[in-house]
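# Below: sequence and its predicted model.
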Amino acid sequence: MPSSRATATATPVLVVTRLDDATADLVINELHQREVPVVRLDPGDFPDGLRLTAFLDGHSLTGVALTATRTADLAGIRSVYWRRPTAYVTGPGQVEQWCADQARYGLGGVLAALPGAHYVNHPWRNRDAEHKPVQLAVAARCGLRIPPTLITNDLDEARRFAEQHRPVLYKPLWNSPYVGPDNRPLTIWVDDVPPDSLDAGVSRTAHLFQQRVDKAADVRLTVVGQRLFAVRVDSPGLDWRRTYDHNSYTLINTPADVAHAVRAYLDTFDLVYGAFDFGIDHTGQWWMYECNPNGQWAWFPGHITAPITDALADQLQHSGEPRER
């Protein structure tokens, strides 16, 4: 017997991601249980493991994308779940780089132009919303509280800010791959920055400094369409990402003013999904740190991941339209 939640048509959901993606796996499994067809592909497999034929005329875009096991009709994609694809294949030579660029703008352009598809999120909207200075400026305009923040490559200004707003944190503006002297990958964590620790290295690039919130806890607020999932994170450390095994996670309610503001924020960037990080101070005020338009959530306990999985599957199955409950 078909599931009562099965789609009325056979139009598939396209999941754009790498092979190793536990977050996407949860959503794909839920779609399979609903008998919703899924095509999974990774642009990083192009050209050897992925073939593309796209035709454009005065009417529409048609064609197919073929993986080793699936065929996606480009004109018949219901929704696109844009997760974490690998980079386009490149190499050390000029020809290899040229080919990678053609793939990025060719295949990438086609996947971003599927007619009638509902994107969660559209890759270009993700790109627009990834810059932290823009995030903070938009958040403030939408009514969210943000800590005093400085972005600079001026050492004197950095020291002045650190003196005036202590304690101050340093945060990377982008999580670039970073390899240590022993060729081991390293992570630059959020950490305190005493004024006397700042040196001439500040002048080499842009840095983000932010006043540390005197927090009682952190919050990861995952928003999927109109559904909000606020999780209080109690952690023994300053950066809770360093202490996963020692954190506790509790579902909590989102204050009405925060809920209104985050929806305005997502509307500004035309996003369906966003993973917001907040700190709650000892008076109960929520302070926004950032919003990852493609943030992870699969590490949460099952009772938290299950409703998020359900909400994302709803978005993809019903193309953004609310389903009957």
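Everything's here; your move. The model shown is predicted, which means the values in this text are computed figures rather than measured ones.

# buried sites along stretch 125-139?
By neighbour count on 16 or more other Cβ atoms under 10 Å, the buried set for stretch 125-139 is R125, N126, D128, A129, E130, K132, Q135, L136, V138, A139. (Glycine included, C-beta is placed from N, CA and C.)

# Apologies, that question was intended for stretch 216-229.
For stretch 216-229, by 16+ other Cβ under 10 Å, it's A217, D218, V219, R220, L221, T222, V223, V224, G225, L228, F229.

# I'd assumed T222 was in contact with the last one.
When you say that, I think you mean F229. Yes. Applying Cβ atoms under 8 Å, one finds F229 in contact with T222, separated by 4.5 Å.

# Tell me the residues that contact both of the two, please.
I308 (Cβ atoms under 8 Å, 6 or more residues apart in numbering).

# re the thing from before, in TSV, list the buried residues of stretch 216-229 along with distance to G143.
Formatted as TSV, the buried residues of stretch 216-229 follow (distance: Cβ to Cβ, whole Å):
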residue	distance to G143
A217	21
D218	20
V219	17
R220	20
L221	15
T222	20
V223	15
V224	21
G225	20
L228	15
F229	20
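
# Closest to G302 out of those residues?
The shortest approach to G302 among the buried residues of stretch 216-229 belongs to F229, at 13.4 Å (Cβ to Cβ).

# Just say helix, strand or coil for that closest one.
With DSSP: H, G, I helix; E, B strand; the rest coil as the basis, F229 sits in strand.

# how about it, what does it touch?
L221, T222, V223, L251, I304, P307, I308, A311.

# how about 10 Å then?
By Cβ atoms under 10 Å, 6 or more residues apart in numbering, the residues touching F229 are 220-223, 251-252, 254, 275, 297, 300, 304-305, 307-308, 311.

# List just the nearest of those residues to P37.
Nearest to P37 among the contacts of F229, counting by Cβ to Cβ, is A311 at 19.9 Å.

# Which of the three states applies to that closest one?
Applying three-state DSSP: A311 is helix.

# Going forward, the N-terminal residue is numbered 197.
Noted, 197 is the first residue going forward, which turns the last one into A507.

# where does the closest residue to it other than its chain neighbours land on pLDDT?
Leaving aside its sequence neighbours, A507 sits nearest to V420 (Cβ to Cβ, 6 or more residues apart in numbering; 3.9 Å). Looking at V420, its pLDDT stands at 97.

# who's V420 bridged to?
For V420, the beta-bridge partners are R423, Y469 (DSSP bridges).

# is it true that it touches V468?
Yes. When contacts are counted by Cβ atoms under 10 Å, V420 is listed as touching V468 (7.1 Å).

# Report the set of residues contacting both of these two.
With Cβ under 10 Å, 6+ apart as the test, V420 and V468 both reach V316, L508, Q511.

# From the chain's centroid, how far away is stretch 404-419?
17 Å (Cα atoms, centre = their mean, to the nearest Å).

# ok, and for stretch 366-385, which residues are buried?
For stretch 366-385, by 16+ other Cβ under 10 Å, it's Y366, K367.

# Next: stretch 214-224.
So for stretch 214-224, counting by 16+ other Cβ under 10 Å, buried means R214, D217, T219, A220, D221, L222, V223, I224.
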